[in-house]
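Participant: How does the following fold in three dimensions:
(chains A and B)
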Amino acid sequence: DAKTTQPTSMDCAEGRAANLPCNHSTISGNEYVYWYRQIHSQGPQYIIHGLKNNETNEMASLIITEDRKSSTLILPHATLRDTAVYYCIVRPAGGTSYGKLTFGQGTILTVHP
Amino acid sequence: DARVTQTPRHKVTEMGQEVTMRCQPILGHNTVFWYRQTMMQGLELLAYFRNRAPLDDSGMPKDRFSAEMPDATLATLKIQPSEPRDSAVYFCASGPGQGSEKLFFGSGTQLSVL
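Facilitator: Numbering: from 1, shown residues only, chains lettered A, B, ... in the order given. Predicted coordinates for the structure are as follows:
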């Protein structure tokens, strides 16, 4: 699976947009970008995933560059409850490692009042 | 809401004792995963199952760890004998196995081996 690089930590003011970057310069054509987050003392939670096109759901938006070498997770109006570790994961949708997610160190997002 | 249920939430035991952690995946999900989380190593995949069959347990210490799915509603992770270095939070996750990696995680079992 392609390697991802994320900043160790980021801060955001409550009510503002949080933009979390992820670099995945070795991504292959059949690999998706997934985002999960882990709030303190809880299990990881799925946020969103995409292949080429930008995606939006009730939690966030995912912007993938045209060359697919990087992406940005956007939380449009961050709240204190969005304080968590955010993981960017790249992997193919099928194959023998189907379903297997490899978590890196992630980005610690702290939302301030 | 459907959720993955893990028991116990907390377990304190002494070195050498057997530990069994249980997981009830979401009904209808056919993939089940066991992860371990420590401060030093982060989230590590230990084992995973599809349709109750083990597909990959390469992340699991074979001499003391074992993972099974006796039926579709129960997955177990057993450590025998336990050691202090096994202290960690163990997460179970399940997925629908339909081309989506939208995994649902349980709340974890926090294990302390003294």
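
Participant: The host helix or strand of B:A75 - contacts with which helices or strands?
Facilitator: For B:A75, the host element (DSSP states H and E) is strand B:74-79. Where contact means 3 or more CB pairs under 8 Å, 6 or more residues apart in numbering or on different chains; DSSP states H and E, strand B:74-79 is packed against strand B:19-24, strand B:31-38, strand B:42-50, strand B:65-71, strand B:88-95. Where you see a C-beta, it was placed from the backbone N, CA and C, and this is true even at glycine.

Participant: Quick one: residues contacting the closest residue to chain A within chain B.
Facilitator: When CB to the nearest CB is the measure, chain B has its nearest residue to chain A at B:F105, with 3.0 Å between them. Residues in contact with B:F105, defined by CB atoms under 8 Å, 6 or more residues apart in numbering or on different chains, are A:42-45, B:4, B:35, B:91-93.

Participant: Now it: closest residue in space, sequence neighbours ignored.
Facilitator: Of all residues not flanking B:F105 in the chain, A:G43 sits nearest, at 3.0 Å (CB to CB, 6 or more residues apart in numbering or on different chains).

Participant: what about the one you found, how many residues close to it?
Facilitator: 23 (other CB atoms under 10 Å in any protein chain shown).

Participant: wait, it sits on B:S107?
Facilitator: Yes: under the criterion of CB atoms under 8 Å, A:G43 lies in contact with B:S107, with a separation of 5.8 Å.

Participant: Let me know whether B:A47 touches B:W34 as I believe.
Facilitator: Yes: B:A47 is in contact with B:W34 according to CB under 8 Å; the separation is 4.9 Å.

Participant: hey, what's in contact with both of these two?
Facilitator: Between them, B:A47 and B:W34 share the contacting residues B:60, B:67, B:77, judged by CB under 8 Å, 6+ apart.

Participant: Look up which residues are beta-bridged to the residue of chain B closest to chain A.
Facilitator: When bridges are taken as DSSP bridges, the partners of B:F105 come out as B:A93.

Participant: ok so, going back, between B:A47 and B:W34, who's got more neighbours?
Facilitator: B:W34 (24 against 21).

Participant: Pull the contacting residues for the closest residue to the more buried one other than its chain neighbours.
Facilitator: Across the structure, with CB to CB, 6+ apart as the measure, the residue nearest B:W34 apart from its sequence neighbours is B:L46 (4.4 Å). Contacts were defined as CB under 8 Å, 6+ apart; by that measure B:L46 touches B:34-36, B:57, B:59-60, B:65, B:67, B:77, B:90.
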